[in-house]
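In: Have a look at this fold, sequence not included:
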């Protein structure tokens, strides 16, 4: 048996676009915001914009890479 990594098209370090409002207690990224994927957990993506603002555990449907 071998481990086969799923390829969903979004990797840590990639710049992507939010496809919905992504919010947290401190603030939110508007739909269409360009963000960098800084982490992945069982609860979704961790995102950061060019100014260092972060939202973590955003779910799996929060971004696309096109």
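Out: Arrived safely, thanks for sending. Given the structure is predicted, the values throughout are model-derived calculations rather than measurements. Numbers count the residues shown, from 1 in each chain.

In: alpha carbons only for contacts and neighbour counts from here, please
Out: Noted.

In: which residues touch residue 49?
Out: Taking CA atoms under 8 Å, 6 or more residues apart in numbering as the criterion, residue 49 is in contact with 34, 35, 36.

In: Give me the longest strand you can find in this structure.
Out: Ranked by residue count under DSSP state E, the longest strand found in the chain is strand 34-41.

In: What lies in contact with it?
Out: For strand 34-41, contacts defined as CA under 8 Å, 6+ apart pick out 10-18, 45-50, 57.

In: List the neighbouring strands of it plus their orientation.
Out: Strand pairing for strand 34-41, using DSSP bridges, gives strand 15-18 (antiparallel), strand 44-48 (antiparallel).

In: Using the three-state scheme, assign residue 3.
Out: Secondary structure, DSSP: H, G, I helix; E, B strand; the rest coil: residue 3 is coil.

In: Now do the same for it: its pLDDT.
Out: We note a pLDDT of 85 for residue 3 in this prediction.

In: try residue 35
Out: Value listed for residue 35 in the pLDDT field: 97.

In: One more: residue 8?
Out: We have a pLDDT of 66 for residue 8.

In: now do the one 5 residues further on
Out: Per-residue confidence (pLDDT) for residue 13: 95.

In: mind checking which helix or strand it is in?
Out: Counting by DSSP states H and E, there is no helix or strand that carries residue 13.

In: can you pull the contacts of it?
Out: 36, 37, 38.

In: Who does the first one form a beta bridge with?
Out: Listed beta-bridge partners, residue 36: residue 15, residue 48 (assigned using DSSP bridges).

In: could you check the distance from it over to residue 63?
Out: Residue 36 sits 10 Å away from residue 63, going by CA to CA, to the nearest Å.

In: Which residues are in contact with each of the two?
Out: Common contacts of residue 36 and residue 63 (CA under 8 Å, 6+ apart): residue 16.

In: Of all residues in the protein, which one is nearest the centre?
Out: Taking CA atoms, centre = their mean, the centroid of the chain lies closest to residue 45, which sits 3.9 Å from it.
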